[in-house]
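[1] Sequence first, then the predicted structure:
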Amino acid sequence: MQNNKGTDSVDIQVERAVRSCYGKLLSQLTYHFRSLDLAEEAIQEATISAFVKWKKLGIPNNPESWLFIASKRKAIDIIRKNKSHAQKKQNLIIYNKTIEPEVIELSDQDRRLELIFTCCHPALDTASQVALTLNTVCGFSVDEIAKAFLLKKTTMAQRLVRTKQKISKTNIPYQIPEPHQLEQRLSGVLGVIYLIFNEAYYSKGSKYLSSKPLAEEAIRLAKLVNKQLPHRSELLGLLALMAFNFVRFNAKIDKFGRSINLKMQNRQLWQHEWVERGNHYLESALTLKKLGPYQIQAAISAVHSTSKSFAETDWQQIHALYQKLLQYQTSPIIELNAAIALAYSNKIEHSLKLIQKLEQEGQLSQYHLLYMAKAYCLKELSRNEQSKEAINRAIELSDNQFQKDYFQKELESWFD
Amino acid sequence: MQYLLMIYAAESAEPTPGSDEFMQLIQEYDVFTEEVKAAGAFLAGEPLEPVSTATTVQVRNGERFVIDGPFAETKEVLGGYYLLDCENLDQALEYAAKIPSAKYGSVEVRPIMQLPG
């Protein structure tokens, strides 16, 4: 046992210790006892005894293994105390195999991947997959997740309870999927990780769960999967994409938590060390010669993150990459982005035609950025009145005052 | 753990009895049923007569109401079921995907409630 470090209270140290190993702890217990509820309850009780015991005896040398052993004992206590609980959850059999807590070794094997696959099971809806992954694997509290997703705490709590019930009632296994399912299931996991990253990256500014730690958590999750499932081209592509986007993170959100668009960003704030990481991942992905949408999006982000200025961006390259992306994913947003890249490559008329076609097709007819792109093309063609009309439409459709002000400023600078 | 696999399909999407497609479908069902039996997963499984034969019963305040037709009018109707004993949901979903009608209809997988005691 060692003395309390620095000025941090024991309570804070307990919380920090639990937080730092929560996902690992929860996944190992869930794997051993085959019950997420039981594992959560056991960790909660172990945390309570840590508050008491660490105060009395000092912080243990290895808080993580202390917590694991304590949680394991608590789990067994819970099973003993509540046999009907055990029968319901079918823990009795497992309990018999593990009469004494010492029987279960603190295995080096990380079980978080198994838990990730459970959380991201296609039998759960996507929003629940995201929430549950953050809650169990990453150890975020219900309150934190609710705030990050701008939902009421009770709504989020209900969602998590419902999801955990579905897992236990339908018996979704805690296991890495069979090889023939692995690729499809992995792509679901990547989708969840990317949603978490985007929630942080395009955050509307949650003060509580600040967006950067959330984005870092997404990267940590992807790295964790990569460690156990290496050489997956799209996983590496996603890691590259997140790294290249991360370059711009500091410049992306202002001190009020508002998103700043690429053109207006202060490139001095870009963190170029992330370019190297992005390059490393993207190169590893490309050597596997299995192209996919994450790799292409990573390449697009790489072009942006290595351009000296907005004007000096290689827009032709960006356009070509969006065209490539369209071979894998058809989406009007990608088509719009391709058209915008075309406009910045000075192919204004061609771009305008594509934008107008998208407007007529309807899916983006209420999308503010379509009208900004349209306004830009019209201005370049000196069709000023029509351009102003399009900007005003963009201002009208934007749901964000900061962005409305920015559009207004653009209008004034164009037609001063 | 037991799962009920309910096979839903639009009756109009099913091959006409007697046609080659119909014979093939029957054969595919035989293969599937043999597979689940061989794996020891099969507990029960039968096709149902068309939805036009459905009768719905309700009891309200002790009074019995008998209504012609299914409980809910939907395009995809219950056409048959399998009751299987599976290790977990993933295995149940594997089997569900192998049910021949899954190619044009839907298979709903539900765990059988485990009652205490």
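    Great, that's in hand. Numbering: from 1, shown residues only, chains lettered A, B, ... in the order given.
[2] Output the below-cut-off pLDDT ranges for the chain.
    Defaulting to chain A. When the per-residue scores of chain A are filtered using pLDDT under 70, the ranges that remain are A:1-7, A:83-108, A:203-210, A:257.
[3] oops, I was thinking of chain B
    Low-confidence segments of chain B (pLDDT under 70): B:117.
[4] which residues touch the closest residue to chain B within chain A?
    The nearest approach of chain A to chain B comes at residue A:173, 4.0 Å away (C-beta to the nearest C-beta). Any C-beta I mention is one placed from the backbone N, CA and C, and that applies to glycine too. When the contact criterion is C-beta atoms under 8 Å, 6 or more residues apart in numbering or on different chains, the partners of residue A:173 are A:118, B:87, B:88, B:89, B:90.
[5] Which two of those have the greatest separation?
    A:118 and B:87 (14.6 Å; C-beta to C-beta).
[6] quick one, which of those two is more surrounded?
    Set side by side, residue A:118 and residue B:87 show unequal neighbour counts under other C-beta atoms under 10 Å in any protein chain shown, the larger going to residue A:118 at 24 against 11.
[7] Check the gap between the closest residue to residue A:356 other than its chain neighbours and residue A:383 for me.
    Leaving aside its chain neighbours, residue A:356 sits nearest to residue A:374 (7.2 Å; criterion: C-beta to C-beta, 6 or more residues apart in numbering or on different chains). The gap separating residue A:374 from residue A:383 is 10 Å, by C-beta to C-beta, to the nearest Å.
[8] again with residue A:44
    Per C-beta to C-beta, residue A:44 is found 64 Å from residue A:383.
[9] same deal with residue A:329?
    32 Å.
[10] what about the two, which has more around it?
    Between residue A:329 and residue A:383, counted using other C-beta under 10 Å, residue A:383 has the larger neighbour count: 15 against 12.
[11] what about the more buried one, distance to residue A:348?
    Summarising the geometry, the distance separating residue A:383 from residue A:348, computed by C-beta to C-beta, is 10 Å.
[12] Can you show me the strands along chain B?
    B:2-10, B:42-47, B:55-60, B:63-68, B:76-85, B:106-111 (DSSP state E).
[13] which ones are touching the residue in chain B that chain A sits nearest to?
    Minimum separation of chain B from chain A (C-beta to the nearest C-beta) falls at residue B:88, amounting to 4.0 Å. Counting by C-beta under 8 Å, 6+ apart, residue B:88 makes contact with A:171, A:172, A:173, B:1.
[14] do the same with residue B:32
    Taking C-beta under 8 Å, 6+ apart, one finds B:98, B:99, B:100 in contact with residue B:32.
[15] part of a helix, is the residue nearest to residue A:356?
    Yes: secondary structure assignment (DSSP: H, G, I helix; E, B strand; the rest coil) places residue A:374 inside a helix.
[16] mind listing what it touches?
    Shown in contact with residue A:374 (C-beta under 8 Å, 6+ apart): A:352, A:355, A:356, A:359, A:390.
[17] what do you get for residue B:2?
    Remark: with contacts taken as C-beta under 8 Å, 6+ apart, residue B:2 is in contact with B:43, B:83, B:84, B:85, B:86, B:111, B:112.
[18] Distance to chain A and neighbour count for those - can I get that in JSON lines?
    Shown next, in JSON lines, are the contacts of residue B:2 (distance: C-beta to the nearest C-beta, whole Å; neighbours: other C-beta atoms under 10 Å in any protein chain shown):
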{"residue": "B:43", "distance to chain A": "16", "neighbour count": "14"}
{"residue": "B:83", "distance to chain A": "15", "neighbour count": "15"}
{"residue": "B:84", "distance to chain A": "13", "neighbour count": "24"}
{"residue": "B:85", "distance to chain A": "12", "neighbour count": "16"}
{"residue": "B:86", "distance to chain A": "8", "neighbour count": "22"}
{"residue": "B:111", "distance to chain A": "5", "neighbour count": "18"}
{"residue": "B:112", "distance to chain A": "10", "neighbour count": "13"}
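[19] From those residues, pick the one nearest residue A:339.
    Of all the contacts of residue B:2, residue A:339 sits closest to residue B:111, with 48.6 Å by C-beta to C-beta.
[20] Need the max-distance pair from the contacts of residue B:2.
    Most distant of the contacts of residue B:2, by C-beta to C-beta, are B:43 and B:111, 13.2 Å apart.
[21] Touching, residue A:279 and residue A:301? I think so.
    No: checked against C-beta atoms under 8 Å, the pair residue A:279 and residue A:301 is beyond contact range at 11.4 Å.
[22] out of the two, which sits in the more crowded spot?
    With other C-beta under 10 Å as the criterion, residue A:279 and residue A:301 differ in neighbour count, and residue A:301 comes out ahead with 23 against 16.
[23] If you count contacts, what does the host helix or strand of the more buried one end up packed against?
    Element membership of residue A:301, judged by DSSP states H and E, is helix A:293-305. If contacts are counted by 3 or more C-beta pairs under 8 Å, 6 or more residues apart in numbering or on different chains; DSSP states H and E, helix A:293-305 sits against helix A:233-247, helix A:273-287, helix A:315-328.
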